[in-house]
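J.: Take this sequence and fold it.
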Amino acid sequence: MTRVFMQNTGEPEDTYEAQNDQRLDELHSKIRTLRGVTTDIYDDAERQHLTLDDTGNAFSSLSTSLSQSSRRAAQAFGLSGAGGVRQTRIIMYIVGSFLALWVVWKMKDLWWASEEA
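T.: Below you'll find the predicted structure:
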């Protein structure tokens, strides 16, 4: 294979070479910027992943604690197990308490109205 070598004055080729070097430097700068952005995105994703794990663990702990508290409250009110207070009786106690509070409230209004007269 025969190669043909041309003699160059150097001016256009030097200009092209300088432009290529400048564009290569610009491309290198853009690559560094993209690498930095990619690293920042990765770091942020890792932080969010850890935060979500911590939040999941906190909710799991809360769920366990709440179920234990609910079970203890059921035992305290006799709602679990045989021989305990029946649920209807507790509901009647609550309704009766509200009714008694309402009667006291109404009597207080009547007592204040009689003092003003």
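J.: what about the helices in the protein?
T.: Counting by DSSP state H, the chain has helices at residues 11-76, 87-116.
J.: could those helices be laid out in CSV, adding mean neighbour count and mean pLDDT?
T.: For glycine as for every other residue, the C-beta is placed from the backbone atoms N, C-alpha and C. Shown next, in CSV, are the helices of the chain (neighbours: other Cβ atoms under 10 Å; pLDDT from 0 to 100):
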stretch, mean neighbour count, mean pLDDT
helix 11-76, 10, 93
helix 87-116, 10, 86
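J.: any idea how far residue 64 is from residue 58?
T.: The gap separating residue 58 from residue 64 is 11 Å, by Cβ to Cβ, to the nearest Å.
J.: got it, and residue 114?
T.: Per Cβ to Cβ, residue 114 is found 56 Å from residue 64.
J.: How about residue 19?
T.: For residue 19, the distance to residue 64 - Cβ to Cβ - is 67 Å.
J.: Repeat that for residue 38.
T.: Noted for residue 38: a distance of 39 Å to residue 64, by Cβ to Cβ.
J.: Likewise for residue 17?
T.: In terms of Cβ to Cβ, residue 17 sits 70 Å off from residue 64.
J.: ditto for residue 12
T.: From residue 12 to residue 64 the distance is 77 Å (Cβ to Cβ).
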